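Student: Sequence and predicted structure, then a few things I'm wondering about:
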Amino acid sequence: MSSTRNMRKSVLSIAMGLCLASLAASPALAQSATGAVAGRASAGDQVVLVNNATGASRVVTVGGDGSYRLSQLPVGDYSLQVKREGQSVGQAVAVSVSLGGTTTVNLGNEGNLTNLDAVQVVGSRVVNRVDVYSTETATNVTREDIARMPVDQNLTSVALLAPGVIVGNSSFGGISFGGSSVAENSVFINGLNVTDFYRRQSFSAAPFAFFQEFQVKTGGYSVEFGRSTGGVINAVTRSGSNEFKGGVELTFEPAAFRAAADDHHFEGLDGDGKPASATYSANHDRESSMKANVWASGPLVKDKLFIFAMYEQRQGESRFTNSAGTTWSESSSNNGFWGTKLDWNITDDHHLELLAFSDEGETGTDAYGYTYATSEIGALTGSSTSQSGGKNGSLTYTGHFGENFTAKAMYGVNRSRSLVFSPADTECSQVLIDSSYNDVYADMGKPAVSCHPSASASVVRHYDERKVARLDFEWALGDHLLRFGLDREEMTTDRTTRYPGTTGMRYTVFGATPGAELDNGATVPAGVNAIVMGRRRIDGGVFETTANAYYLEDVWNLTPSFVLNLGIRVDSFNNKTAAGNSFIKIDNLVSPRLGFSWDMKGDGTTKLFGNLGRYYLPVTNIINYNFAGGLIDERTFYALDGWSAATNPVTGAGYMSPILGGQIGPVDDSYNLPVDDLRQSVDRDLDAVYQDELILGFQQMINQAWSWGVNATYRRMPNAMDDIRINHTPCGPVGFNLWPIGNPGEKLTIWGDASIGCDTEGWITIDTSKDGYIKGGSGEVIGYSKPKRTYKALEFQIDRAWDDKWAFNASYLWSKSEGNHEGPVNSDTNYGDTGMVQHWDHPANNERYGDLFNDHRHQIKLRGSYKLNDMWSFGATLTALSGGPITAFGVAWPNDSTGAGSYVTEGSGGGSGWLCVQNCGGPFDQRVFEYSPRGAFGRMPWIYNLGANVTWTLPVPDVDLKVRFSVFNLLNEQEVINVRARYEKGPGVKRALFGTGTRWQSPRSMQLVLTYNF
C-alpha cells in the first residue's frame, strides 16, 4: 500500500487536473473565453493558481466548509499549489482549464490530489472524466482534437460533431440543434456575439488556426446565454505567452481533390397533360482553393503584455454551370484575413484583453454562354461582384476584488456586409424559366434569355453593425456563488434591394393551360399556352433594434456533492422603424432556469444532472426591413407572345428576350406592405417566441479511460410570431388581405377603421384561433391552428479519452421532431425570410400536426484517432442519419375557393394538407378532398458520411512539422437530402415532379494541410 501511495504521489507531481472528455457536459461560465477551478481542500489553506503561459497568479482561501473556487480564468495550463501559513504544502499540481468548464481538483491535508479514482493520467495530464459542476449538455473540442480527425476548417463542421446537431435545409444553409430551425442559434467568439441578426442563419468567422478551443452547447445553458432557442457555438481564440512562438500552415484543396457531382434530370406529365421537367447540371462544376497562414505570438513586456497575431491569404476559384447547364460562370477570390489578440496583465488581479479581426472578402464572377453536351464555352454574357464580411473587435476587462468578488466588462463591435453589383444592373432585367416551360425551352436550344449575368439575384446593398456592451459579476458567499449581470446590443441594418433592369421587374416564364386560375384571380385566356409573370420588389432603409437583458443566478452547493443552479433572466426587445420609432417593443420577458448536478458517490465518478429552463428568441431585423420601411411586392401576368433576338448592351453577345403580350388580369398588389401607419401591420400586444426545455442526464466513469452517459431532452415551442393573412375581423370582411405580424392562434389587436370595414375607428381584437380568415365563396369564418413544435430525444454516448495512443467516441440519438410549424423559416418550401414565411398565409398551411422537416429519427456519430508511432497517426469520423419525411402540399382545401398555395409557382404559399381527388375541376363546393398527413409519402434515404485522415510527423526532435491528408465523404455518397414537396399545381392536378430531388450530398473532397510551428 505504501509503495502504491508513493507511486501516485510521484505521478501527481506532474499531473494536470481536468481536461474535459470530448462529450463530457460542462457548465456555462458567461459568454466569454473562460473556465474555472474548484474543489475541496483543508479549511483555511490558501490555493495559489499560476498561469504557466503568462505568470499571472490567483489566490483563494479555502472556506470553512472545505470548498474553494477560482472563476473567470483564461483557458490554458496552470500550476496549483497549496499554502499553509505562507509555506508551500505538498507538490504543485498541473491544471488545465477548459472553455466553459470547471476543473475539479480535490486536495488532501498534505496538499496533494485525492480524487485519483476520478481521473486518468495521460502523460503529463489528468483527465477528469465527469464534470460534477455541470448542469448542461455540451461538447468541447480543442485544436489538438481537430488535428487528429478529419474535420473541415469551419465552425459548422465542429458543431456537427455534437449529438443532435444536423445540417439544415441546404437551400439556405445553417445547422439545426435539437429539432430547431437553422435561424435559432447563436455564435460567440471570445464573448462577442457574431451571429447574423438580419436572418440569424449565418455568422462572422475566422480561420481554424485562430482558435484555441470550441464549445458546442446543445441545451441547458445558463442565464448568461439568451436570444437563442436552438444551440450555441462558443469559441475562444489563441493568446500570446512569455514564450516566442510562430508557425506557418498551408491548406491545399485543388480541383483534382474533388469528385464530380452527379447530374440529375426529371421529366413527366402533370395531371393536366402538360410536360414538366427539371435538370440539375453539376457534373462539370469544379472548385479549388488554397490558404496560406502565418502566425506569431509572444511577450511585448514579459509577464505583462502579450500578443498573438495572424494573417491568412485565401485564394479560391470556382467553375460552374447553372442548373439548366446553359451558362458557365467563373468565380475567383483573393482575400486576406487578419486577426490579433492582445492581453495585458495590469496586475495579477486586473486583466485587459483586446480582440480584433477582419473577415472581409470579395468575389468576382464572369458569366458565359455554355453548351453542356460539348462543354463549349460561349461568349461573355456579363460580370458581377459580391462583397461580404467585415471588421470585428472587442475590449474586455476582468477584475478580481479580494478573493470572493470578480467583475467583467466588455464592449465590442461586429460588422458585416452583403453587396452584389454588376455593370448590367441598370440595363438588363432578369428572366427565369420555370420547369413547366422546360420542354419548349429545350426545343429552343436553351439559349440565354437575359442580358443580366445573374438569373435570380437582386441588386443588394446591405450593411449590418452590432454594438455590444455587457457587465458580469461573481460573488462567492459561503455555499453560494452569486452571478449577475446585464448586457445591451444595438443592431443596425442599412439595406436596399431591388431587381435589376429598367422596369425593376424580374420575369418568369411558365407553361400555362387555358382556363387555369392565376394568383391574381384571373384565368388564362383561350389560346394562351405560356405566360410571363413580372415581379417588382423594392424596399430599403436604415433600421435599428436594441436588445437588453439582465440576469441573476445562484450556484448553491447544498452539500459537498449536490449543486443547485437557480437562475432568472429578463430580456427586452425593441425593433424600430427607419424613422427611429418603436414598432415592436416587448419588455420583461422572464426566463427562469433551474439546474442540478449530483455527484452520486461523492468521488467525481458518477453524476446525475438535470435542467429546466425557458429561452426567448429575438425579432430579426428582416422584420424591420420589410415592415417598418415599406415593401412594394407586386406581380403582373402577361401572355407570352414569343421570343425576339436581342443584343447584350454590356458584352455585345446575343440572347433571346421574351415578348410580353397582353396583361392578364389586374396587378396583384396583395403582398405590398405600406409604412405610413403600422397600427394595422403589427399586433399591439405581441408576444415573443419562446421555448421550454427539460433535460435529465446521467454520466459515469467505467474506468480511468472510459466513460458513458445517457440523457433525455424534451423541448416545446408553444407559440410563433409571423405575418398572418387577415381578411376578416369582428367588423366583417376586409375586402383584401392584411398581413400583420402577430401570434397566430392567439388574440391579435390592430387598428380598426373604415378602410377595413369598421364603422368607427379604434382598436379591435381578433381571436385568430376562431376568426381572421373568411373562406372564398362559402363565406365561412374560421381561425388559425395554434402553433406547436415539440422535440423529444434520448441520447447514449460512450467515450474513450486520448492517452497519446488512441481515442474513441460514439453516440446514438433517437429523436422525434413534430408539430405544425418548423419555426421562423420554412424548409418545406425553401422559404428563408426569417419570421415572414408562409406558415400562416392561409389556415390550411398549418392545419397539420406531424413530422417536421428536421425530423431525423436516428442519428449515429462515431469518431476516433490512433497513433501508430511517432511518425504516423490516423483518424476517422462516421455520421449515419436517417432520412427526413416527405410531405405532400396541395393548393386547396374543403369549402374554400381561395387557394392555399400558388397555382403558378411551387415556392409561393405554404400549401395544404388536403389533396383533391374528385370533382376537382368543378365548383369549389363540390370538390372532394383526401387528407394527407405529414410524412405520408415516406422518407428520404439514410445519409452516410465517412471521413478519414492520415498525419505524417517529421520524426526529428524539437522540429514540429506535420502533413495531414483528409478525405471527406470518402464513399462519395450523393443521396438526396431535399425533395419537391408541392403535390398539386391546381386542385386535383398532380405535379409530375413531386418527390423528386432538389439537393444532394456534396461529393467526395480531399484536403492537404502542412503545418510548421517553431
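Tutor: Here it is on my side, so go on. Residues are numbered from 1 along each chain as shown.
Student: Every contact and neighbour count from this point should use C-alpha atoms.
Tutor: Fine.
Student: so where is the stretch 101-250 of the chain shaky, pLDDT-wise?
Tutor: Residues of the stretch 101-250 of the chain meeting the criterion pLDDT under 70: 115-129.
Student: which residues of it fall in helices?
Tutor: Along the stretch 101-250 of the chain, the segments classed as helices by DSSP state H, counting those that start in this stretch run 143-147, 155-159.
Student: out of those, deepest packed?
Tutor: Burial of those is given as mean neighbour count (mean count of other CA atoms under 10 Å); helix 155-159 ranks first at a mean of 20.
Student: would you list every one of the helices in this protein?
Tutor: Counting by DSSP state H, residue ranges of the helices within the chain are 2-12, 143-147, 155-159, 438-443, 621-627.
Student: By mean pLDDT, show me the worst of the ones you listed.
Tutor: Set side by side, the helices of the chain show their lowest mean pLDDT on helix 2-12, which sits at a mean of 36.
Student: ok, how many other residues are close to the closest residue in space to residue 909 that isn't next to it in sequence?
Tutor: The spatially closest residue to residue 909, leaving aside those adjacent along the chain, is residue 901, at 4.2 Å (CA to CA, 6 or more residues apart in numbering). Neighbours of residue 901 under the rule other CA atoms under 10 Å: 29.
Student: buried residues in the longest strand along the chain?
Tutor: Of all the segments assigned as strand in the chain under DSSP state E, the longest by residue count is strand 530-559. The neighbour-count criterion (16 or more other CA atoms under 10 Å) identifies 530-557 as the buried residues of strand 530-559.
Student: go on, stretch 102-109?
Tutor: Neighbour counts using 16+ other CA under 10 Å place 102-107 of stretch 102-109 among the buried residues.
Student: Please apply the same query to stretch 312-329.
Tutor: Using 16+ other CA under 10 Å, the residues of stretch 312-329 that count as buried are 312, 314, 316-322, 324-329.
Student: first vs last residue of stretch 921-939, how far apart are they?
Tutor: For stretch 921-939, the first-to-last residue distance is 31 Å (CA to CA, to the nearest Å).
Student: next one: stretch 321-329
Tutor: Start-to-end, stretch 321-329 (CA to CA) is 6 Å.
Student: which residues touch it?
Tutor: Among residues not part of stretch 321-329, those counted as contacts by CA atoms under 8 Å, 6 or more residues apart in numbering are 278-282, 284-285, 318-320, 365-372, 377, 446-448.
Student: I'd like the mean pLDDT over that stretch, please.
Tutor: What stretch 321-329 shows for mean pLDDT is 93.
Student: go on, stretch 49-66?
Tutor: Averaging the model's pLDDT scores along stretch 49-66 yields 92.
Student: Go through that stretch and flag the buried ones.
Tutor: 49-63, 66.
Student: With stretch 295-305 instead?
Tutor: Buried residues in stretch 295-305 (16+ other CA under 10 Å): 295-300, 303-305.
Student: In strands only, show me those.
Tutor: Secondary structure from DSSP E places 295-300, 305 of the buried residues of stretch 295-305 in strands.
Student: Is it possible to get a markdown table of those residues that adds distance to residue 915?
Tutor: Listed next are these as a markdown table, based on distance: CA to CA, whole Å:
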| residue | distance to residue 915 |
| --- | --- |
| 295 | 61 |
| 296 | 64 |
| 297 | 65 |
| 298 | 68 |
| 299 | 70 |
| 300 | 71 |
| 305 | 69 |
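Student: Taking those residues, tell me the two that lie furthest apart.
Tutor: 295 and 305 (17.4 Å; CA to CA).
Student: give the contact list for the residue nearest to residue 500 when sequence neighbours are not counted.
Tutor: If you skip the residues right next to it in sequence, residue 500 has residue 425 as its closest partner in space, 4.7 Å away by CA to CA, 6+ apart. Under the criterion of CA under 8 Å, 6+ apart, the contact partners of residue 425 comprise 452, 459, 500-501.
Student: Please tabulate those in JSON lines, including the columns neighbour count and pLDDT.
Tutor: Putting those into JSON lines (neighbours: other CA atoms under 10 Å; pLDDT from 0 to 100) gives the following:
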{"residue": "452", "neighbour count": "29", "pLDDT": "88"}
{"residue": "459", "neighbour count": "19", "pLDDT": "89"}
{"residue": "500", "neighbour count": "26", "pLDDT": "93"}
{"residue": "501", "neighbour count": "18", "pLDDT": "91"}
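Student: Alpha carbons of stretch 1004-1014, as CSV, please.
Tutor: Once non-C-alpha atoms are left out, stretch 1004-1014 reads as follows in CSV (Å, rounded to 0.1, in the frame of the first residue of the first chain):
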residue,chain,number,x,y,z
ARG,A,1004,-16.1,13.5,-52.0
SER,A,1005,-13.4,16.1,-51.4
MET,A,1006,-9.9,16.0,-50.1
GLN,A,1007,-7.6,18.4,-48.2
LEU,A,1008,-3.9,18.6,-47.7
VAL,A,1009,-2.6,20.6,-44.7
LEU,A,1010,1.0,21.3,-44.0
THR,A,1011,1.9,22.9,-40.6
TYR,A,1012,5.3,24.0,-39.3
ASN,A,1013,5.5,25.5,-35.8
PHE,A,1014,8.5,26.9,-34.1
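Student: Return the set of buried residues in that stretch.
Tutor: By neighbour count on 16+ other CA under 10 Å, the buried set for stretch 1004-1014 is 1004-1011, 1013.
Student: average pLDDT for that stretch?
Tutor: Averaging pLDDT along stretch 1004-1014 gives 97.
Student: what do you get for stretch 518-536?
Tutor: 94.
Student: Low-confidence regions, the chain specifically.
Tutor: Within the chain, the ranges that satisfy pLDDT under 70 run 1-32, 115-129, 676.
Student: let's go with 80 and repeat that
Tutor: Along the chain, segments meeting pLDDT under 80 span 1-33, 111-129, 170-173, 455-457, 630, 673-677, 704, 907-909.
Student: quick revisit: ok, so of the buried residues of stretch 312-329, who is nearest residue 267?
Tutor: Proximity to residue 267 was ranked across the buried residues of stretch 312-329 by CA to CA; first place goes to residue 324, at 13.2 Å.
Student: Relative to residue 997, how far out is the closest one?
Tutor: Separation of residue 324 from residue 997 (CA to CA): 15 Å.
Student: check contacts around the closest residue to residue 51 other than its chain neighbours.
Tutor: Excluding its sequence neighbours, the residue lying closest to residue 51 (CA to CA, 6+ apart) is residue 78, at 4.5 Å. With contacts taken as CA under 8 Å, 6+ apart, residue 78 has the following neighbours: 49-52, 94-97.
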